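Undergrad: how would this look folded up:
(chains A and B)
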Amino acid sequence: MTTVLTAGLSLKPQHYDAALACLADGLWFEVHPENYLVDGGPRLAWLEAIRAQHAVSLHGVALSLAADAEPEPAHLARLTQLARRIEPALVSEHLAWSAWRGAYHPDLLPFPRSSEALARVADNVSRTQDALRRRIAIENPSHYLQIDGHAWDEIEFLDEIARRTGCGLLLDVNNVYVGARNLGYSAEAYLDAFPGERVMEIHLAGHTPDPNLGAALLVDSHDAPVAPEVWSLYERVIRRIGPRPTLVERDDKLPDFATLLAERERADALLRAPLAKAA
Amino acid sequence: MPAAMSGALARFQDAFARALRVPDASPPEVAALVAQPAFAVYRNTVMKGCIDALRANYPAVARLVGEEWFNAAAANHVREALPADPTLLRYGSEFASFLARFAPAAGLPYLPGVAKLDRYWTEAHSAATADATDPADFAGLAPDTLAQAVLRPHPAARWAWFADGPIYTIWSRNRAGGPFDSDIDWRPEGALLVRPHDTVEWIALDAAGCAFLDACAAGNTLGEAAQAALTAQGTTELANLFSILLKAGTFQKAEY
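TA: Predicted structure coming up:
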């Protein structure tokens, strides 16, 4: 089956029935695989039912690729088993760490981009791709902290990991916007320098000002509609690199399915428009 | 790639993880980061993620104690034990025992038992899928044949006897969102949770029923399980008990 993925949506349990019934052309769904690493029961049954209707992407948050340790073997084995069962169209992870010395931190944590870290991440990506027997995409993180002592520029770091491992990249446009605002760099310059040929997927999401610090600190909260500035940046990207499977991410303060679908249709229309040059 | 975690990256991660967990900590490797107001985003996200997971996994406890009390108790538990597993559905396996020794919960002696049943619900919900026995398969069996049979509890079946109070009634009312009601008969109770198909279901189970299932889980014959049930509760009606367990979908269908 060759499906051309256009725009997809995060899938949350509250929307299963509507998602299952929706037959919009090119629609696909993305889930965090960690929520489905169970022995059996209704969760897996739901995901398999969705998969019977739609393409599914597994977007992991817990492989902890940037931790100075190999991915936890039991976790990687469960992920591999799920991927075998679901046959996802895409598998992705983050340039971040979350699990460390047996403790899982439910967040995507930063690190100094050293050559040591680069070697570790590349090794972990390779191990993951070997286990899954497929290419994965690595997502650029959002940034809140000014870390001195990065030896590598982020884009060069990602590009080098892709060069060494053959992995693809997941370009999260909202993360670029949030990081650029928080740390004071140009989102446009970042996006213009991003290696378009490596991009397997694009993410769009909403952000919110920090409750304490206000607009001085934007938080990649996934609990709001995609911001107008992020839509503009997205158009800029696909105009340059061509259409890519694009996910509208929403994890919190969920509106009804129709509202999410309307947001997804906006991305879908942009992907199908003539301005998105042929890839 | 060496497996040793001793380089600068490992030292950074040790320090960062410590600063996330300990509010006043500012190890030198990350002092410049902890000093930035944005460091709080990470501390808050980790804490909120863990508390939200506990609230999702322990809804009857959360309903009983209210949001503020629950969040405070959960935060204490998070500081003791971060998740070991990124599947947050499995987070909180020690929450019931934490509540049992959490000083502010001393006046709520039923809380650990309610937490245990919330945990059982999650385990039943995510257990391996399997067919339950069909009660009709046992209809015509001679008593001797039945007594020699060994039945394995279904992978999703969970049961517990609470000698100290009406934990099942308190739990099931709060799990189902029923009315708060002080009119509860204070007596020992047991509970059985099953998932013969997609949905977790539950019924009250007496001491004999719990003893019967303990014996079955240990691999004993139905005859031996019946003896265990009678020892726990001499007045039990075995045929009725067995019929209730079969109808509920407590046993896994044998694979022939």
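Undergrad: residue A:76 contacts residue A:125, doesn't it?
TA: No. Using Cβ atoms under 8 Å as the test, residue A:76 is too far from residue A:125 to be in contact (11.9 Å). All C-beta atoms are positioned from the backbone trio N, CA, C, and that covers glycine.
Undergrad: the two: who's more crowded?
TA: Per other Cβ atoms under 10 Å in any protein chain shown, whichever of residue A:76 and residue A:125 has more neighbours is residue A:125, with 24 against 19.
Undergrad: ok, residue B:97 touching residue B:116?
TA: No. Assessed by Cβ under 8 Å, residue B:97 is found out of contact with residue B:116, at 9.1 Å.
Undergrad: more neighbours: those two, which one.
TA: residue B:116 (22 against 12).
Undergrad: so what's the more buried one up against?
TA: Residues in contact with residue B:116, defined by Cβ atoms under 8 Å, 6 or more residues apart in numbering or on different chains, are B:96, B:160, B:167.
Undergrad: select from those residues every entry located in helices.
TA: If you go by DSSP state H, those have B:96, B:167 in helices.
Undergrad: show me the contacts for residue A:177.
TA: Residue A:177 neighbours (Cβ under 8 Å, 6+ apart): A:187, A:207, A:218, A:227, A:229-230, A:233.
Undergrad: hmm, back to that, out of the contacts of residue B:116, who's the most crowded?
TA: Greatest neighbour count in the contacts of residue B:116, by other Cβ under 10 Å, goes to residue B:167: 25 neighbours.
Undergrad: show me where chain A has helices.
TA: Secondary structure of chain A by DSSP H: the helices cover A:16-21, A:42-53, A:73-86, A:115-132, A:154-165, A:173-183, A:187-193, A:228-241, A:257-272.
Undergrad: rewinding a little: of the contacts of residue B:116, closest to residue B:64?
TA: residue B:167 (11.4 Å; Cβ to Cβ).
Undergrad: grab the nearest non-local neighbour of that closest one.
TA: Of all residues beyond its chain neighbours, the one nearest residue B:167 is residue B:113 (3.6 Å), with distances taken as Cβ to Cβ, 6 or more residues apart in numbering or on different chains.
Undergrad: pull the number of nearby residues for the one you found.
TA: Residues near residue B:113, counting by other Cβ under 10 Å, number 23.
Undergrad: next up, identify which helix or strand it is on.
TA: Using DSSP states H and E, residue B:113 sits within helix B:111-126.
Undergrad: what sits against the residue nearest to residue A:159 when sequence neighbours are not counted?
TA: Excluding the flanking residues, the one nearest residue A:159 by Cβ to Cβ, 6+ apart is residue A:195, at 5.1 Å. Contacts for residue A:195 were tallied using Cβ under 8 Å, 6+ apart; they are A:155, A:158-159, A:162, A:169.
Undergrad: in a markdown table: the residues you listed, plus neighbour count and pLDDT.
TA: Formatted as a markdown table, these follow (neighbours: other Cβ atoms under 10 Å in any protein chain shown; pLDDT from 0 to 100):
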| residue | neighbour count | pLDDT |
| --- | --- | --- |
| A:155 | 16 | 98 |
| A:158 | 25 | 98 |
| A:159 | 17 | 98 |
| A:162 | 22 | 98 |
| A:169 | 26 | 98 |
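Undergrad: any idea which of the residues you listed is the one closest to residue A:11?
TA: For the contacts of residue A:195, the nearest to residue A:11 is residue A:169 (22.6 Å; Cβ to Cβ).
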